[in-house]
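# next one to model:
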Amino acid sequence: MKNLKILSKNFYSEQLTIDLAKSLLGKYLVRELSGTVLIGKINEVEAYIQNDSAGHSFVGKTQRTQALFQEAGTTYVYRSYGIHWSFDIVSEGIGIAESILIRGVEPILGIDYMKRNRQSDNLKNLTNGPGKVTQAFSIDKSFYGHKIWEPPLYIAEAESVSPELIKSSPRVGISKNKDAMLRFYI
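Numbers count the residues shown, from 1 in each chain. Have a look, this model is predicted:
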């Protein structure tokens, strides 16, 4: 996995949220740690669009949601259910709070490190949920407001996923606007 090409800032700002969500599928989530590189192929995301009652920005800009109102490619890291970290990538311009939740990745590199972080040897369930991804990849509140095109946490280019392999469904674990077909997965 040498010579990973980091997706540029423009990748995030030149696409609408739903298109960006789909184009993130198959790309590599990369986390550099001292001496270790973790890589997972993004295989599940959820889109949250403006005025979406299920989105954190629905109530407007708050101290918690400020990152959602920043430029596309900014990370929004938050506690989900008060238990685990989750992270979204802002997907629109400044002031338009839309984002994409990284729900799942397929572990590619650094799997032993991910297993230690998750205290699990079950590869199938290692990174198949947003809290599992952040735990496996050591993503926490310190990445709030991070620009996803900058190391040590970034998205790298990979082969494009054929459109017929991309499926959609209602989002998972929400109580509002739950029928919106804004979950995308391979």
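
# for this structure, what are the low-confidence residue spans?
Segments of the chain classed as low confidence (criterion: pLDDT under 70) are 1-2, 53-54, 56, 58, 175.

# and the helices in it?
Taking DSSP state H as the test, the helices found in the chain are 9-13, 17-24, 111-118, 130-136.

# what sits closest to Q50 if chain neighbours are left out?
E98 (5.4 Å; CB to CB, 6 or more residues apart in numbering). Using the backbone N, CA and C atoms, a C-beta is placed for each residue, glycine as well.

# E157 now?
K5 is the one closest to E157 (CB to CB, 6+ apart), at 4.2 Å.

# you'd agree K9 is up against E150?
No - using CB atoms under 8 Å, K9 is not in contact with E150; the gap is 9.2 Å.

# higher neighbour count, those two?
Neighbours were tallied for K9 and for E150 using other CB atoms under 10 Å; the higher tally belongs to K9 (15 against 11).

# the strand ranked longest in the chain to helix 111-118, inter-axis angle?
Taking DSSP state E as the criterion, the chain has its longest strand at strand 36-48. Strand 36-48 and helix 111-118 are oriented at 60 degrees to each other (axes from the mean of the first three to the mean of the last three CA atoms, to 10 degrees).

# is A97 in contact with V59, as I believe?
No - using CB under 8 Å, A97 is not in contact with V59; the gap is 10.3 Å.

# any shared contact partners between these two?
The contact sets of A97 and V59 overlap at T65 (CB atoms under 8 Å, 6 or more residues apart in numbering).

# more neighbours: these two, which one.
Neighbours per residue, other CB under 10 Å: of A97 and V59, the larger number sits with A97, 26 against 10.

# residues in contact with the closest residue to that one other than its chain neighbours?
Leaving aside its sequence neighbours, A97 sits nearest to S57 (CB to CB, 6+ apart; 3.3 Å). S57 makes contact with 48, 50, 65, 68-69, 97-99 under the criterion CB under 8 Å, 6+ apart.

# try I108
I108 makes contact with 1, 28, 39-41, according to CB under 8 Å, 6+ apart.

# nearest to G104 among those?
Ranked by distance to G104 (CB to CB), the contacts of I108 are led by G40 at 8.5 Å.

# tally up the residues packed near the closest one, please.
Other residues near G40 come to 25 when the count uses other CB under 10 Å.

# now it: how far from Y154?
In this view, G40 and Y154 are 12 Å apart by CB to CB, to the nearest Å.

# returning to what we had before: closest one of the contacts of I108 to N128?
G40 (10.5 Å).
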